[in-house]
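Visitor: what's the 3D shape of this:
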Amino acid sequence: MRTTVQGPDGGYITVEHPEGATEVQILDYAKQNYKPTPANIGVSGLPQAIKETLPEFGTASKAVMGAYSAIDQPALRLKQLFGGGLGKEDEAAVIANRAILQESPAALGGNVLMNLLGLGKAAPTSVTGSMALGGGLGFMEPTLPGESTVKNVGAGAALGGVGNVAARGVARMVLPQAVARSAPMLQEGVTPTPGQALGGFAQRAEEGLTSVPVLGDAIRVGQRRSVEQFNRAAINQALEPIGKKLDGPVGREGVAKAGGLISEAYDDLLPKLKVVADQQFVDDLTGVRTLAQNMPEMRAKQFDSILKSEVIDKFTTAGRMSGETMKEVESKLGSYIRKYSASQDADQRLLGEALQEAQRSLRAVVQRANPDEAGGLAKINEAYANLLRVENAAGRLGSADGVFSPESLRSATRAMDPSLRKRAFTRGNALMQDLAESGVDVLGKKVPDSGTPFRSLMATGPLGLGMGVATSPLGLLYTPWGQQAATSLFARRPEAAAPLASAWRTMGSLSPVAGPAFLQYVPR
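Guide: The predicted model follows:
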């Protein structure tokens with residue numbers, strides 16, 4: 001005969017016994033011959049069945065039991081909410097699931113892995129999202145008599161939030177934000193000050209300390225050095241297409257020398273070229289002249305006069321121009337463009353931009369007529385386009401002696417973006433924009449000028465004098481080797497740091513899924 005009774009694990013099992021056996025005999029028979037399997041004990045007893053039937057697997061069987069509990073616990077919770085509550089056998093299953101997770105790290109791992117598989121790609125990225133998910137998973141934990149759903153939700157939210165914050169904190173230590181901000185500049189050889197490398201409060205404190213006796217002078221020297229290195233990096237980036245680098249000072253002298261290097265590259269190449277005006281060139285010049293009519297009348301006439309005398313009249317009646325003549329045209333156009341593009345007068349800058357468009361059209365026809373030299377021409381043209389941004393920055397207000405700030409270079413990259421409605425700049429793809437914005441982010445001032453409460457506190461009275469005496473040895477950090485050492489410590493990381501930090505951020509996003517497992521350790 002077969003009779004269904006409650007087994008020793010709390011689940012209900014079907015027992016085979018002799019006909020006429022008493023209830024006590026049936027239970028005793030069940031106890032002695034109990035062989036639990038998923039088929040004869042039902043859902044609530046499955047963890048115990050795995051434990052009894054797969055002992056030889058050890059850690060693996062415990063991981064399977066933990067994974068099963070990730071399904072069983074929510075199922076029991078749904079039964080509690082919508083199925084009229086938990087019966088005694090269900091409560092026994094809840095207790096069994098919790099005991100498994102408390103006993104075995106392998107079971108915890110299996111539980112977390114199953115939750116990860118269930119979550120898929122829906123992991124939240126923010127701390128708030130992690131707390132919401134953790135709280136939701138806490139709500140799906142079944143409660144026994146005397147336990148609180150509110151506590152489960154609160155504990156799940158706390159576990160999700162703390163896990164996210166902790167993992168992201170590790171990610172920031174592996175790859176600080178300062179490293180990502182500084183990367184384009186560091187690649188170009190710019191060494192920020194310690195405060196600039198760290199960013200945030202450290203940079204604000206450094207700015208405030210510029211008014212402290214002795215130390216403040218050292219900080220200002222270090223900051224000036226960083227800006228000059230930034231200028232050199234910008235000029236060298238402009239020259240990179242032609243394989244040249246600036247040696248000597250920056251400022252006006254450095255910009256002029258860079259222009260000379262590009263002109264030399266043109267001088268070497270232009271005599272080998274032929275220039276033949278084609279229909280595309282005619283159409284391009286017509287378009288430029290049409291756009292120039294939108295300028296004030298005086299500037300529009302000036303543009304037409306320069307275009308006719310310095311470009312159109314240099315072609316023969318057959319529409320040809322020698323390489324030597326082309327060199328002269330380039331030189332003359334370049335001088336006009338530098339003069340008007342750096343002007344403080346808005347109308348003159350418009351004239352400079354119109355001449356620049358005419359120059360592009362001329363260079364394009366040269367490339368079309370000389371396909372064998374197109375690669376070299378393209379590199380020279382790229383270098384010249386980059387240098388125009390540098391020259392524009394060096395000519396702006398505040399660029400004393402031609403040494404420009406990152407803000408000036410960023411403004412120049414935007415002003416000289418030829419795309420419709422500055423789309424390239426908006427998308428972050430304008431020429432030299434990457435370097436300029438890295439410089440703005442790292443080297444730009446983060447504290448208001450003197451007179452703010454923060455800076456005044458650091459600069460005046462006994463506190464300022466005391467800090468000057470006590471901190472002057474810190475000035476060593478603002479020597480060239482000191483800045484190099486600080487940058488290596490604060491803003492440089494190996495290539496493996498980026499994927500490692502990304503992995504930690506992912507762990508932070510996935511941290512709530514561990515909540516149901518570790519919730520078993522939280523007092524209810």
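
Visitor: surely G428 meets L435?
Guide: No. Judged on C-beta atoms under 8 Å, G428 makes no contact with L435 at a distance of 11.9 Å. All C-beta spots, glycine's among them, are computed from the backbone N, C-alpha and C.

Visitor: Pick out whichever of the two has more residues nearby.
Guide: L435 (24 against 9; other C-beta atoms under 10 Å).

Visitor: ok, that one touching G189?
Guide: No. Using C-beta under 8 Å, L435 makes no contact with G189, being 11.3 Å away.

Visitor: so what sits against both of these two?
Guide: A233 (C-beta atoms under 8 Å, 6 or more residues apart in numbering).

Visitor: so where's this structure uncertain?
Guide: Residue ranges of the chain with pLDDT under 70: 1-17, 24, 26-58, 119-123, 169-182, 445-473, 488-508, 521-524.

Visitor: how does it look with 50?
Guide: For the chain, applying pLDDT under 50 flags the ranges 34-45, 56, 445-459, 464-465, 467-468.

Visitor: can you give me the strands for it?
Guide: 2-6, 12-16, 274-276, 320-322 (DSSP state E).

Visitor: State the distance from R220 to L117.
Guide: Per C-beta to C-beta, to the nearest Å, R220 is found 57 Å from L117.

Visitor: and those two? which has more neighbours close in?
Guide: Shown here are R220 and L117; by other C-beta under 10 Å, R220 has more neighbours (14 against 11).

Visitor: looking at it, that one is touching T210, isn't it?
Guide: Yes. Judged on C-beta under 8 Å, R220 makes contact with T210 at a distance of 5.6 Å.

Visitor: Now do the shared contacts for these two.
Guide: By C-beta under 8 Å, 6+ apart, no residue touches both R220 and T210.

Visitor: Kindly provide the distance from the residue nearest to L86 when sequence neighbours are not counted to K332.
Guide: In this structure, L86 finds its nearest non-sequential neighbour in Q80, 5.1 Å apart by C-beta to C-beta, 6 or more residues apart in numbering. Taking C-beta to C-beta as the measure, Q80 falls 87 Å from K332.

Visitor: circling back to that earlier point, need the contact list for the residue nearest to L86.
Guide: 86, 90, 142-143.

Visitor: ok, so of those, who is nearest D268?
Guide: P142 (81.4 Å; C-beta to C-beta).

Visitor: Relative to L81, how far out is the closest one?
Guide: Distance from P142 to L81, by C-beta to C-beta: 9 Å.

Visitor: Same drill for those two, tell me which one is more crowded.
Guide: Neighbour count, other C-beta under 10 Å: between P142 and L81, P142 has more, with 24 against 13.

Visitor: isn't the more buried one right next to D72, touching?
Guide: No. Contact status for P142 versus D72: not in contact, 9.3 Å apart, counting by C-beta under 8 Å.

Visitor: neighbours around D313, how many?
Guide: With other C-beta under 10 Å as criterion, D313 counts 9.

Visitor: what does V64 give?
Guide: That count, for V64 with other C-beta under 10 Å as the rule, works out to 20.

Visitor: mind checking how far it is from R77?
Guide: Counting by C-beta to C-beta, the gap from V64 to R77 is 21 Å.

Visitor: E207 now?
Guide: 55 Å.

Visitor: Tell me which of these two has more neighbours.
Guide: Per other C-beta under 10 Å, whichever of E207 and R77 has more neighbours is E207, with 23 against 19.

Visitor: My guess is that one contacts G195. True?
Guide: Yes. Between E207 and G195 there is a contact under C-beta under 8 Å: 7.2 Å.

Visitor: Overlap of the contact sets of the two?
Guide: Common neighbours of E207 and G195 (C-beta under 8 Å, 6+ apart) do not exist.

Visitor: Can you give me the neighbour number for Q229?
Guide: 21.

Visitor: Relative to A430, how far out is it?
Guide: Counting by C-beta to C-beta - Q229 and A430 are separated by 22 Å.

Visitor: again, but for V288
Guide: 21 Å.

Visitor: Tell me which of those two has more neighbours.
Guide: A430 (24 against 19).

Visitor: so that one touches A415, yeah?
Guide: No. Look at A430 against A415 with C-beta under 8 Å: they stay out of range, at 9.9 Å.

Visitor: Where do the helices of the stretch 1-150 of the chain begin and end?
Guide: 23-32, 38-41, 46-53, 59-82, 88-103, 105-119, 127-139, 149-174 (DSSP state H, counting those that start in this stretch).

Visitor: Could you double-check that Q223 sits in contact with T193?
Guide: Yes. Using C-beta under 8 Å, Q223 is in contact with T193, at 5.8 Å.

Visitor: Give me the more crowded residue out of the two.
Guide: Ranked by neighbour count (other C-beta under 10 Å), Q223 and T193 place T193 first, with 27 against 21.

Visitor: quick one: contacts for the more buried one?
Guide: Here T193 is in contact with 206, 219, 222-223, 226, 477-478, 483, 486 (C-beta under 8 Å, 6+ apart).

Visitor: Now G84, what are its backbone angles?
Guide: Backbone torsions of G84, given as degrees, to the nearest 10, read phi 80, psi 10.

Visitor: Please report the distance of it from P145.
Guide: 15 Å.

Visitor: Equivalent analysis for A107, please.
Guide: In terms of C-beta to C-beta, A107 sits 24 Å off from P145.

Visitor: go on, A96?
Guide: Taking C-beta to C-beta, one finds A96 at 16 Å from P145.

Visitor: likewise E89?
Guide: In terms of C-beta to C-beta, E89 sits 15 Å off from P145.
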